[in-house]
Every structure is written in structure tokens, then in C-alpha cells.
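Participant: Following is a predicted model, sequence given first.
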Amino acid sequence: MPHPTQTSPPHKAASPQTKGLKRSASAESEHKPEKKTKKAATLPETSRMHRGEQEWIKNGCVDERRVRLVTEGIREPKADGKVVICYLQRDLRVQENWALLLAQEAARALNKPLVVIHLLVPGLAFQPTRRHLSFFIGGAREVEAELKSLNIGFELPIVAKKDPKGRLDEANKKIEEVFAALQPALAVCDFNPLRLPTQIVEALARVYGKGLSPLYQVDTHAVVPCWVASNKAETSARTMRPKLQAMLKEFAVPFPKVEPHPVPWTSKQLFPLDEDRVLSAVKPDPPEPLDSWKPGTKAALRLLQSFATPQNIAKYGKARNDPLADCQSDLSPYIHFGHIAVQRCLMEVSKLKDTTGDRAVHEGVRAFIDEVVVRSQLSDNFVFFNPHYDDIKGAPDWAKQTLEKHAKDKREPQYEFTALEEGKTYDSLWNAAQLQLVRDGKMHGYLRMYWAKKLLEWTKSPQEALKTAIALNDKYHLDGTDPNGVTGCMWSIGGVHDQGFKERPVFGKIRYMNYPGCERKFDVKAFVRKFPGAAENAVNAAKQGLIPFSGKMKKELQEIPKGRDSEQATATMMKKIEQHKAQNTNAGPSSSKETKTDEPKKRQRKGSVDERAPAKSGAAKEEAEVEAEEEAGSDE
């Protein structure tokens, strides 16, 4: 697909099999793209639109590299078009939105009114639950009110069907209905690399191509546009980070304001934002809305301001992996729903580096930027370039091979989906993490890794583990149905963006995490206490025999809860389980990539203290190896 600034001969409208949406033209090549000078998006000249030889947008504010043409070969605004449309599916906010800024520039140049549309499709930006829908409606109301104050229209067409084929067919009809009713001269849409959003943009391309009206796409979510950040699938944060660092200053420029539009939208609203209408059409599923989260850009900006202080950032840098430290930004739901720009988060937190020389603050800034920019864009990159991003087939070759090798390893117990959903396993920490997700709509980031990895032990196959992790993640996390979430599940279960480690049953060479490892990081008992039922559920699972092992060991585990309170019983039980696992772990061939902690062992001098130390027991040796895996960065 050509970039909007490239010249190309006329082509037919985009075919149903639009391939360019997954990779930009530059991404088709393995060669590094030439560095382009920054300039505003150069859209077509208006010699065909009554303005002589003048360009129809002069001195535009949107970097041309952020924009790509979707309707291949159809670049010129439709001469008899009546409006400019901006589809905001992922980034539903007014200010600090490059897609809306480009759409307003186009509408001004064409002297047309401007309308923002969100096509509400179940499973596109969020799952059709009352929890997600409530958060969406709250944010959308704020957007509608602000747009109205700026003379810009807002429409909310709804797709009611939830099955994959039905919702796509209905979405296509809604797009055709909107096109016929509004008769756009030109449209702009935002970017989301997930499968369903991409299919919706392909549907838009078909309708707009057939109607001879151009459609431009803008990556307004990422700081560095996805198709500019890299022209290939990156293997780790280590390879992605320097590419982003080299371009951040170019793209993290101040946002212009979306101003009152000179040509007001005065037509009657066709698809109103009415809560009863939305609920009647979508018929949302549980879980229920969460009063603890206030939706919208105003709430997001307040949260950012309260987080971006030297004290908070320093604490974040030191304790972000401690679920009890209460130092997370909690911005991910707002970023996911588009209520706040990642670039705004980056700019606000980066300011703190200039206010102090405190190393702790600088470390916190670095860690936050790595999370909100590098990891986020690495996730977009993975989904953008990997058609199997939510399937074990999308895992790296080494991970697929090791998981296949251990596919028939004994997995016990195997839990039903409902038991997992209700946090009813023998692991009190896992139960607490799941209950936190269900209760609060957000699980602590460190626990997300542990939580997903345990599913590999408790389900019949890696594919089933991945399917379960994504389903629970998307149903309960407010920031679910997102490249970050699916990539996190693939990292935990499929080794994506990671390396191989010591070979173990079930896991193979996939990085291992366990209960004692979490105890080294934070006070597990204190965390479990915060979620009533977590320890009790673990005891009940043990009594029902839903625990690992068989025979004598299983009977021994079932005896532990007798005469102990739930907290004491579960802690003792987990210690026993991990010790027994360690003793029974088969020491398979080591990974071709060793952890950093392996190297010093090889270089120890003869007669060193370490060499003369007594050999560790099987359990102690296993825990030392697990700790080494925990400390090894996932950038390698």
C-alpha cells in the first residue's frame, strides 16, 4: 500500500483481500527504510477542487509518516462529498489526537463539516460486558459533549451481532449505511493492529473505494507510528528499544489544539449516544460495572497529574513489581480506551528528569517510559507482523519445539474454566490474583505473568492455556482486548520476546515462575489476605483432591489443612508442592541461551569458596535456578 505522499498510477478500489493493512509498503522490504525528513502530511492538490494549483492542506501539523492511504489509488476527495468523517475506534478522545487533527485540517481545507464516528462492534475495542460498556459510555459522553462545543458531530452506529461472521456482515452494512447517509468527501480512521479492527478497516476500504472517496489511516496511539518504528517483527525489547529511542524526539512533538470548527455540523443525529439504545442493542454480559473507575479524559489527566511526581516516580522505579506497594500508575485502562494519549504520559513523566538529579527519580522515569512506550509498541509490533499472534503457532520456533516436546507431560490437576474464573485452585496466590482481577478490573502487572504461567500447568495443552488466559484477561481486565494483553499472555505461555531456560516438565524451556519466587519479591501472605476466599478456596481444592501428584504425596498434601487455619495451611501446602516438584524435575538439556547467572559459575577459579561449598539439595538447587531465571531480563 503506498504512503499518502507517494505518487502512483490510478488503481482500482481496494479488493476484499486488502493486504496492505497489515504491513506498510516499507515493511515489505527487509532493508532499512530511508530516513525521511519530517513534514506535514501532503495530501492531494486541489486543482480539481476549485482552488487552482494550491495544495489543499498547507503547513499541516501531522507528520506524513504517521499517515497512510487505505483506499489504494483513490487519493482525491470526492468532489460532491458533503462531509469529512473521522472514525475513532481505538483512540476515542478529542484533544491530542493526530487522527482528528488531520481530519479537521482536511475539513477546513474543503470547507466541509466534520463528524466523528465510533462504530460500536462487540469485541473490537472491548468485550460486550456491562463492565466495559459502562466505562466506554462514560468516556463517549465526554467526547460527544466536547465535540458539540467545537461544532463537530458525533455518531454511534451499533453492531448487535456477536458471532464473528455475523458482526462483520452487520458492520459492513452499517458502514454502507453511514456512507450513503452522510456522503463523505474523505475519511480518516485510527489504527489498531488486532484482527477485528483490521477487518473493519478493510470493510471501510471496500465501501470507500467503491464510493470513490479516499480513506486515510493515522497511528495516533503510538508515539512512533507502528509502521515507522520497525519494518519487521522484533524479537525482544532489546532490539525495539534503540529504534524507538532514536525517533522519540522526532515524533513526541507538542500537540496542536482541535479548534472550534468553522463549518458547524447541523444535521440531525442519526445514531445517537443513548444508553438505553446501546444496552438494548448490545445486550451486554457480566461482569457488572465498576464504580471505582471514573471514565474519560478528564479523569485520566487527573490520574496522570497525581502520579507524575518525583516521589511517586521514584517509588515506581523501586517497587513497581511489588503488588502491595501501591505505586502503579493505573493508566492502562485509559490508554486502552483512548481517553489519554501515550505521548501525553511520556511527556509529563519525562519532565521530571529536568527537575531533579535524584537517581531514583531518573530510574523511575526510565522504567515508566520502557513500560508505556517500549513494551507497548513492542506489543503492537508483534500483533502487526504476526497473523497468529493469539495462537501457539505464533510463538518463536524454539518455544513451539519445546512445548511440543512436552505436550504429553502429565498435567495435574486440570481445572475447568469455571473453577479458574472463580479462583478455586490449590494456589492461594493465584486465587488472590484472579479475585483481584474479577473484583477490581485490573490485576497487578507482576502477577499477570505468574497467573498466566500457572495456566500452562493446569490446562490440557499450551493452546488451551493461551485460550483461557486471553479469555479471562479480556473478560475482566478493563484494559483487555488489547495488543499488550495478548502479547503478555504469549510471553508467559509461548516464550514470545523471551529466551529459553532450564528444561522442566510441562514448561519445557519456557521461563518458569513459582510461589517461592513470589515470596522472595513481596509478602505473599499479606497479599492473599486482601482477597477473602483466596486461601479458603485453596484449602477446599486440596480437600477435593484438586492438587498435584498422586498416591502417598497426594494424601500427605490433603492432610495439611487439618488443624491449621487457611492461611497457614495454604502456605505449608505450597511449600511442600514446590519442594516435591523440584525433587521430581527432570534435568533436561540446557538451553542454547544461558542465563546471565550461568556465566560466573563457569569462570570460578579452582579452590574458590563456592567450589568448596557442599552441594545443594534438589529443592535448593531448583530454587536457585528459578531465582536466576527471575533475575534474567526478558530483553535478551
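Facilitator: The structure has been received and is ready for your questions. Numbering: from 1, shown residues only.
Participant: how far away is the nearest residue in space to Ser461 that is not next to it in sequence from Leu456?
Facilitator: Nearest non-adjacent residue to Ser461, counting by Cβ to Cβ, 6 or more residues apart in numbering: Ala407, 6.5 Å away. C-beta: built from backbone N, CA, C; applies to glycine. Using Cβ to Cβ, to the nearest Å, Ala407 is found at 11 Å from Leu456.
Participant: quick one, which of these two is more surrounded?
Facilitator: Neighbour totals were compared for Ala407 and Leu456, and Leu456 leads with 25 against 14 (other Cβ atoms under 10 Å).
Participant: For the helix or strand containing the more buried one, which outside residues touch it?
Facilitator: Taking DSSP states H and E as the criterion, Leu456 maps to helix 445-458. If you take Cβ atoms under 8 Å, 6 or more residues apart in numbering as the criterion, helix 445-458 is touched by 320-323, 328, 371, 411, 413-415, 420, 425, 427, 429-430, 433-434, 436-437, 443, 462, 465, 468-469, 473, 488-489, 491-493, 506-507, 510-513, 518, 521.
Participant: which of those are buried?
Facilitator: Among these, those classed as buried by 16 or more other Cβ atoms under 10 Å are 320-323, 328, 371, 411, 413, 415, 420, 425, 427, 429-430, 433-434, 436-437, 443, 462, 465, 468-469, 473, 488-489, 491-493, 506-507, 510-513, 518, 521.
Participant: got the contact list for Ala187?
Facilitator: Val84, Ile85, Cys86, Tyr87, Ala103, Leu204, Tyr208, Ser213, Pro214, Leu215, Tyr216 are the contacts of Ala187 under Cβ under 8 Å, 6+ apart.
Participant: Just confirm it is within a helix.
Facilitator: No. Ala187: not assigned to a helix; according to DSSP: H, G, I helix; E, B strand; the rest coil it is strand.
Participant: How much space separates it from Leu69?
Facilitator: Separation of Ala187 from Leu69 (Cβ to Cβ) stands at 11 Å.
Participant: which residues are in contact with both of the two?
Facilitator: Residues within reach of Ala187 and of Leu69 at once, by Cβ under 8 Å, 6+ apart, are Pro214, Leu215, Tyr216.
Participant: Can you classify the residue lying closest to Ala419 once chain neighbours are set aside by secondary structure?
Facilitator: In this structure, Ala419 finds its nearest non-sequential neighbour in Thr425, 6.9 Å apart by Cβ to Cβ, 6+ apart. Recorded secondary structure, Thr425: coil (three-state DSSP).
Participant: who's in contact with Thr425?
Facilitator: Here Thr425 is in contact with Tyr415, Ala419, Asn431, Lys454, Trp458, Asn537, Ala538, Ala541, Leu546 (Cβ under 8 Å, 6+ apart).
Participant: Against Leu429, how distant is the first one?
Facilitator: Shown here: Tyr415 relative to Leu429, a distance of 15 Å by Cβ to Cβ.
Participant: out of the contacts of Thr425, which is most surrounded?
Facilitator: Top of those by neighbour number is Ala538, holding 31 neighbours under the definition other Cβ under 10 Å.
Participant: That residue - that's part of a helix, no?
Facilitator: Yes. Assigned with three-state DSSP, Ala538 falls within a helix.
Participant: if I read this right, it contacts Tyr426, doesn't it?
Facilitator: Yes. Using Cβ atoms under 8 Å, Ala538 is in contact with Tyr426, at 5.2 Å.
Participant: Need the residues touching each of the two.
Facilitator: Residues touching both Ala538 and Tyr426 by Cβ under 8 Å, 6+ apart: Thr570, Met573.
Participant: just to revisit the earlier point, now the helix holding Leu456, how far from the centre of its chain.
Facilitator: Helix 445-458 sits 17 Å away from the centroid of its parent chain (Cα atoms, centre = their mean, to the nearest Å).
Participant: what mean pLDDT does the helix or strand following it have?
Facilitator: Using DSSP H and E, the helix or strand that follows helix 445-458 towards the C-terminus is helix 462-476. Per-residue pLDDT values across helix 462-476 average out to 99.
Participant: which residues make contact with helix 462-476 from outside it?
Facilitator: Residues from elsewhere that reach helix 462-476, judged by Cβ under 8 Å, 6+ apart: 127, 129, 131, 287, 390-392, 403, 407, 417, 420-421, 434, 437-438, 441, 448, 451-452, 455-456, 458-459, 480-481, 485-486, 488-490, 492-494.
Participant: Restricting to C-alpha, output that helix in PDB.
Facilitator: Taking Å, rounded to 0.1, in the frame of the first residue of the first chain, the C-alpha atoms of helix 462-476 are listed here in PDB:
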ATOM      1  CA  PRO A 462      -0.400 -24.900  25.700                       C
ATOM      2  CA  GLN A 463      -3.100 -23.900  23.200                       C
ATOM      3  CA  GLU A 464      -5.800 -24.300  25.800                       C
ATOM      4  CA  ALA A 465      -3.800 -22.400  28.400                       C
ATOM      5  CA  LEU A 466      -3.400 -19.500  25.900                       C
ATOM      6  CA  LYS A 467      -7.100 -19.500  25.000                       C
ATOM      7  CA  THR A 468      -8.000 -19.500  28.700                       C
ATOM      8  CA  ALA A 469      -5.600 -16.700  29.600                       C
ATOM      9  CA  ILE A 470      -6.800 -14.500  26.800                       C
ATOM     10  CA  ALA A 471     -10.500 -15.200  27.500                       C
ATOM     11  CA  LEU A 472     -10.200 -14.300  31.300                       C
ATOM     12  CA  ASN A 473      -7.900 -11.300  30.500                       C
ATOM     13  CA  ASP A 474     -10.300  -9.800  28.000                       C
ATOM     14  CA  LYS A 475     -13.500 -10.500  30.000                       C
ATOM     15  CA  TYR A 476     -12.300  -8.900  33.300                       C
END
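Participant: Going forward, the N-terminal residue is numbered 370.
Facilitator: Got it, first residue is 370 now, which makes that one helix 831-845.
Participant: I'd like the distance from that helix to the chain centre, please.
Facilitator: Counting by Cα atoms, centre = their mean, helix 831-845 comes out at 14 Å from the chain centroid.
Participant: and what of stretch 660-668?
Facilitator: Distance of stretch 660-668 from the chain centroid (Cα atoms, centre = their mean) equals 19 Å.
Participant: Kindly report the same for stretch 846-860.
Facilitator: On Cα atoms, centre = their mean, the centre of stretch 846-860 falls 4 Å from the chain's centre.
Participant: Just the endpoints, please. Distance across that stretch?
Facilitator: Distance across stretch 846-860, first residue to last, is 18 Å (Cα to Cα, to the nearest Å).
Participant: Just the buried residues of that stretch, please?
Facilitator: Of the residues in stretch 846-860, 846-860 count as buried by neighbour count, 16+ other Cβ under 10 Å.
Participant: Near Ser518, how many other residues are there?
Facilitator: Neighbour count of Ser518, defined by other Cβ under 10 Å: 10.
Participant: distance of the residue nearest to Ala788 from Leu915?
Facilitator: As judged by Cβ to Cβ, Thr794 and Leu915 stand 7 Å apart.
Participant: residues shared between the contacts of those two?
Facilitator: Contacts common to Thr794 and Leu915, judged by Cβ under 8 Å, 6+ apart, are Tyr784, Ala788.
Participant: which stretches of the stretch 370-519 of the chain form strands?
Facilitator: Along the stretch 370-519 of the chain, counting by DSSP state E, counting those that start in this stretch, strands occupy 436-438, 452-456, 483-486.
Participant: hey, least reliable of these by pLDDT?
Facilitator: It's strand 436-438: among these, that one has the lowest mean pLDDT, namely a mean of 95.
Participant: Would you check the distance separating that strand from the middle of the chain?
Facilitator: That offset, for strand 436-438, works out to 23 Å (Cα atoms, centre = their mean).
Participant: Which strands or helices does that strand pack on?
Facilitator: strand 584-587 (3 or more Cβ pairs under 8 Å, 6 or more residues apart in numbering; DSSP states H and E).
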